[in-house]
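Q: Build me a model from this:
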Amino acid sequence: MGKIKKISTGLLIATFAFILGCNSTNINLQSNVNFVNNKVVAHRGAWKNKNLPQNSIASLKEAIQLNCSGSEFDVRMTADNVLIVTHDPQYNNLEIEKTNYSELAAFKLFNGEKLPTLKEYLLAGIKNNATTRLFCEIKPSKISKERGQLIATKVVQMVEALKAKDLVVYISFDYDILKKIIQLEPAALTQYLESNKSIEQLKKDGISGIDYYYNNYKNNLKSIESTKASDFTLNAWTVNNVADMDWLLANNFDFITTDEPELLLKMFKNRLTTYKDYKLIWSDEFNNEGLPDSLKWNYKYGGQGFGNNEKQFYLEKSLDNSFVKNGKLHIVALKKDIENRHYTSARLTTYNRFVLQYGKIEVMAKLPKGKGTWPAIWMLPESLRKKEEAWPLCGEIDIMEHVGKDPNMVHVSLHSKEYNHIKNTQITHFDRIPDVFNNFHLYGIEWTPEFIKFYIDNKLFFEAKKGENGMISTNEGWPFDKPYFLILNLAIGGNWGGDIDDTIFPSEMLVDYVRIYQKPTIKN
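A: So this is what the prediction gives:
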């Protein structure tokens, strides 16, 4: 696939909004195919891990052997009208559309394989294969639109002649090519790669899916759900980053096109176990620039010490203390005087934005280094903010705390009236996690009516069970059966943070993403 223009937010939202009222155009295949449902489309075949040529028959066979959901390939046509499988408009410095196939075929791929014709490629793709789709990207002609129409016609005719149509999904940046395919084969599965058409137009013209660059989908969770509900196929390309793969898997995309199929297959398998029955209901991927999204976050303001004799003054909507840049949230503490405090920082909260009772919460974060820092990822209940309960009766869930005076020692805790740090009876666990300062780690909990499990990098770190080990199961001992909101902050000093090294500033906690999951049977 080549470059794609960035889709406008307005068009994407309008596009997804329309889908909800549309009828499904997905096609039920009429052959003996039994496609795997692991979402993984190997981009130009599975070539990277075994150092195979892209768009080669060898990489196609490897994708089928891996049991990928699909294998993508590119089609062009030579000067003498031979359909071949290759990505770039030039091959061995020869213009494909201006060169005969015999001249091109004289130069073999680096594994010794001949430059494959579409016929050879399809024959290899249908042999002993009833599980892996063939995603056929038809490249636009540089010569003329008419030639592009001819290429589309010849491709469809060849797919029909080889009885491969039940395996093939057509994709293209050329809208007229897809329309021609549908004219010739109304039942064909098609996905449009460009982002300049509304879904209304796509539906009207019989297009059955979209295949956008993955960043175009970010920050449109509700719209994606509407799209999924309409059975309009969602594909994303080309996704090689673990965090992006994870986000797309969490959002249950139909297909994810990648140069790393082995990695994505492993992640898909792990997710089936780790996230069984859970559905992503809220997230922030921090793709905007500037202040954090005000629809998702608000701020704590002030410098009252917050019961811990903390030394910072929390500012709201201060670009010096909290901002999003290059896909990361920065929470920054500065050596700066304000009122009776000598440090400024930020405390972000989802209160009045989002609350949760039970689910999975995950925060990918990198922690600040230095004495006096006290970063935290934690939760307080709505009942406290509404002044229905006071602390510690209301309860507190500490997903991650770290103090700079004890490097790499990560703490998790639960606080209640009976069990809290003032009495030194809190339910807690701590251990060293390697290199929390230079690497991102995934901090999270799984919270149910029966237990709260704490995880770091998806590995169980600590588990607290309601009513076990002598624990009181009433609200005084387990106040964790009510809605809570999430807090991200960087405190400085205080009763636990201790002495402050003034040479460390500015000091910051980085957050890559926040994701919250819930089982559909639970009403949030």
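Q: Domain ranges for this protein, per the record?
A: The chain breaks down into these domains under automatic domain parsing: 33-194+236-274, 298-518.
Q: Now mean pLDDT and distance to residue 291 too, for those domains, in CSV please.
A: To be clear about C-beta, it is placed using only N, CA and C from the backbone, and glycine gets the same treatment. Below are those laid out as CSV (pLDDT from 0 to 100; distance: least, C-beta to C-beta, whole Å):
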stretch, mean pLDDT, distance to residue 291
domain 33-194+236-274, 96, 22
domain 298-518, 96, 6
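Q: okay, those in CSV with mean neighbour count and distance to residue 286 next?
A: Formatted as CSV, those follow (neighbours: other C-beta atoms under 10 Å; distance: least, C-beta to C-beta, whole Å):
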stretch, mean neighbour count, distance to residue 286
domain 33-194+236-274, 19, 11
domain 298-518, 19, 5
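Q: out of those domains, which comes closest to residue 289?
A: domain 298-518 (6.0 Å; C-beta to C-beta).
Q: roughly how far is the closest one from the heart of the chain?
A: 24 Å (C-alpha atoms, centre = their mean, to the nearest Å).
Q: for stretch 34-42, same thing?
A: 18 Å.
Q: End to end on it, go ahead and measure it.
A: 18 Å (C-alpha to C-alpha, to the nearest Å).
Q: cool, and stretch 196-210?
A: 11 Å.
Q: could you redo the domains of the chain as a markdown table and give each row distance to residue 289?
A: Shown next, in a markdown table, are the domains of the chain (distance: least, C-beta to C-beta, whole Å):
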| stretch | distance to residue 289 |
| --- | --- |
| domain 33-194+236-274 | 18 |
| domain 298-518 | 6 |
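Q: Of those domains, which is nearest residue 281?
A: That would be domain 298-518 among the domains of the chain, by C-beta to C-beta, at 5.0 Å.
Q: The closest one spans what distance, first to last residue?
A: 22 Å.
Q: Also stretch 244-262?
A: With C-alpha to C-alpha as the measure, stretch 244-262 spans 15 Å from end to end.
Q: What of stretch 479-496?
A: Length of stretch 479-496, first residue to last, C-alpha to C-alpha: 24 Å.
Q: where's residue 378, which helix or strand?
A: Assigned by DSSP states H and E, residue 378 falls within strand 373-381.
Q: quick one: which of the domains of the chain is nearest residue 280?
A: If we rank the domains of the chain by C-beta to C-beta, the stretch that ends up nearest is domain 33-194+236-274, at 4.2 Å.
Q: now the end-to-end length of that closest one.
A: This stretch, domain 33-194+236-274, spans 29 Å end to end (C-alpha to C-alpha).
Q: repeat for stretch 463-482
A: One end of stretch 463-482 to the other measures 19 Å (C-alpha to C-alpha).
Q: got it, and stretch 339-353?
A: Start-to-end, stretch 339-353 (C-alpha to C-alpha) is 29 Å.
Q: Ramachandran coordinates for residue 179?
A: In terms of degrees, to the nearest 10, the main-chain angles of residue 179 are phi -60, psi -40.
Q: That one and residue 201: what is the separation?
A: 11 Å (C-beta to C-beta, to the nearest Å).
Q: ok, now residue 38?
A: 31 Å.
Q: residues in contact with the nearest residue to residue 486 once chain neighbours are set aside?
A: Setting aside the residues directly before and after it, residue 486 is nearest to residue 350 in space (C-beta to C-beta, 6 or more residues apart in numbering), at 4.7 Å. Taking C-beta atoms under 8 Å, 6 or more residues apart in numbering, we find residue 350 in contact with 296-298, 485-487.
Q: repeat for residue 473
A: 466-467.
Q: Go again with 10 Å.
A: 465-467, 481 (C-beta atoms under 10 Å, 6 or more residues apart in numbering).
Q: need the longest helix for the chain.
A: helix 145-161 (DSSP state H).
Q: mind listing the strands for the stretch 201-350 of the chain?
A: 209-213, 233-237, 255-258, 279-284, 298-299, 312-314, 322-325, 328-338, 341-345, 347-349 (DSSP state E, counting those that start in this stretch).
Q: and of those strands, who's closest to residue 88?
A: strand 233-237 (16.7 Å).
Q: Output the contacting helices and strands for the strand or helix carrying residue 64.
A: Take DSSP H and E as the rule and residue 64 turns out to sit in helix 57-65. Applying 3 or more C-beta pairs under 10 Å, 6 or more residues apart in numbering; DSSP states H and E, one finds that helix 57-65 contacts strand 40-42, strand 70-77, helix 118-126, strand 133-138, helix 261-274.
Q: In TSV: these, plus distance to residue 101.
A: Below are these laid out as TSV (distance: least, C-beta to C-beta, whole Å):
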stretch	distance to residue 101
strand 40-42	25
strand 70-77	9
helix 118-126	11
strand 133-138	17
helix 261-274	29
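Q: Which of these sits closest to residue 103?
A: Closest among those, once you apply C-beta to C-beta, is strand 70-77, at 14.2 Å.
Q: list the contacts for the residue nearest the centre of the chain?
A: For the chain, the residue nearest the mean C-alpha position is residue 247 (1.7 Å; C-alpha atoms, centre = their mean). Taking C-beta under 10 Å, 6+ apart, we find residue 247 in contact with 214, 217-218, 221, 236, 239, 241, 253, 256, 280, 283, 285, 513, 515.
Q: Tell me which two in the residues you listed are the farthest apart.
A: 221 and 241 (18.4 Å).
Q: Surely residue 497 is in contact with residue 345?
A: No: applying C-beta atoms under 10 Å as the test, residue 497 and residue 345 come out as separate, 11.3 Å apart.
Q: about what we covered before: closest one to residue 210 among the domains of the chain?
A: Of all the domains of the chain, domain 33-194+236-274 sits nearest to residue 210, with 5.6 Å by C-beta to C-beta.
Q: picking that back up, can you tell me which of the domains of the chain is nearest to residue 207?
A: domain 33-194+236-274 (5.1 Å).
Q: centre of the chain versus that closest one, how much separation?
A: For domain 33-194+236-274, the distance to the chain centre is 23 Å (C-alpha atoms, centre = their mean).
Q: and the residue lying closest to residue 407 once chain neighbours are set aside, what does it touch?
A: Nearest residue to residue 407, sequence neighbours excluded (C-beta to C-beta, 6+ apart): residue 369, at 7.1 Å. Counting by C-beta under 10 Å, 6+ apart, residue 369 touches 402, 404, 407-408, 436-438, 501, 504, 507.
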